[in-house]
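**Q** Fold the following, please.
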Amino acid sequence: MSEQMINDSTNTISWKSYYELCKPKVVLLIIFTAVVGMFLAVPGMVPWQPLVFGTIGIGLAASSAAAINHYLDQKFDAKMARTKGRPLPHGDLNGTQVLGFAFTIGAIAMLVLIFLVNELTAFLTFLSLIGYAVIYTVYLKHATPQNIVIGGAAGAAPPVLGWSAVTSTIDPHALLLFLIIFIWTPPHFWALAVARREEYAKADIPMLPVTHGAEFTRLHIVFYTVLLILVSLLPYLTGMSGMLYLVSAIGLGFGFLYYAVLLKKTTDDIIAMKAFKYSILYLMLLFAALLIDHYL
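**A** Alright, predicted model coming up:
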């Protein structure tokens, strides 16, 4: 094999490794909910500057937080089958490269938000970054089985960030969107934790199914799913959204409840993964319904 072919292969691996650091699937969902928040903030079209630069800044900040999470969790990732192939435990990148990448894109994100969007959005985005990358990853994740409940606040922020990017305010309706994602996070993540409970136990991470058992966690998934259905009605009840959203929220909510109840009745981890995957689809479609309803 020629030296050029080796270099090309190395560059490809490096590019893919840095891309993986950003947790692209998670970040895309974050960006989507943030963009929906932008459109819901105004009756017409979102001005191009907060739409473009707000999306870039929020996306880069989320990617920076994800990369920092990779760095801080590398020892635990190496113990889990789901994460041992990540760039750091796999040896594709080293800690210096990861931190350099994270701080670079994080700094760019803050500069973009401060100078091309507004200072409030930059401040809130920075708090979210610290909340996830430091407070959740370093402390909450290893301190309490309620880690994902408390730490979910950082992941629920994107619609508020999107809304503030357009209006420079924290609107009560934006906080309703925050509340929906905040309540959605525990049943979403606990479904995965139930399926991967042995891996979390091996890594000594006190997820709820590790500390209190899978059956206890399944019960809580049902409880939070019912609560989520109720909370998801608030945009309609407050006049923020109309009938299309209401019908969508009820239908999607009962779909989520179906998987939650099914998970409660079985010990099959395949059902847990199906519930986890549905929860992602649920959030995407719920926010899509909010967006479509807003312009009808």
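
**Q** what's near enough to touch residue 206?
**A** Residue 206 makes contacts with 142-145, 147, as judged by CB atoms under 8 Å, 6 or more residues apart in numbering. Where C-beta positions appear, they are placed from N, C-alpha and C, glycine not excepted.

**Q** Would you mind checking the residues you listed for buried ones?
**A** For the contacts of residue 206, a burial check counting by 16 or more other CB atoms under 10 Å picks out 145, 147.

**Q** Out of the contacts of residue 206, which sit inside helices?
**A** Of the contacts of residue 206, the ones assigned to helices by DSSP state H are 142-143, 147.

**Q** Looking at the contacts of residue 206, which one is closest to residue 31?
**A** Set against residue 31, the nearest of the contacts of residue 206 by CB to CB is residue 147 (24.2 Å).

**Q** mind listing what the closest one touches?
**A** Residue 147 sits next to 136, 140-141, 206-207 when contact means CB under 8 Å, 6+ apart.

**Q** can you redo the residues you listed as JSON lines with secondary structure and distance to residue 78?
**A** Compiled in JSON lines, the contacts of residue 147 are given as follows (DSSP: H, G, I helix; E, B strand; the rest coil; distance: CB to CB, whole Å):
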{"residue": "136", "secondary structure": "helix", "distance to residue 78": "20"}
{"residue": "140", "secondary structure": "helix", "distance to residue 78": "21"}
{"residue": "141", "secondary structure": "helix", "distance to residue 78": "16"}
{"residue": "206", "secondary structure": "coil", "distance to residue 78": "18"}
{"residue": "207", "secondary structure": "coil", "distance to residue 78": "17"}
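
**Q** that older thread, farthest pair in the contacts of residue 206?
**A** Greatest spatial distance among the contacts of residue 206 (CB to CB): 142 and 145, at 10.6 Å.

**Q** Next, give phi and psi for residue 266.
**A** Dihedral pair for residue 266: phi -130, psi 160, per degrees, to the nearest 10.

**Q** Check the spacing between it and residue 194 real quick.
**A** Separation of residue 266 from residue 194 (CB to CB, to the nearest Å) stands at 11 Å.
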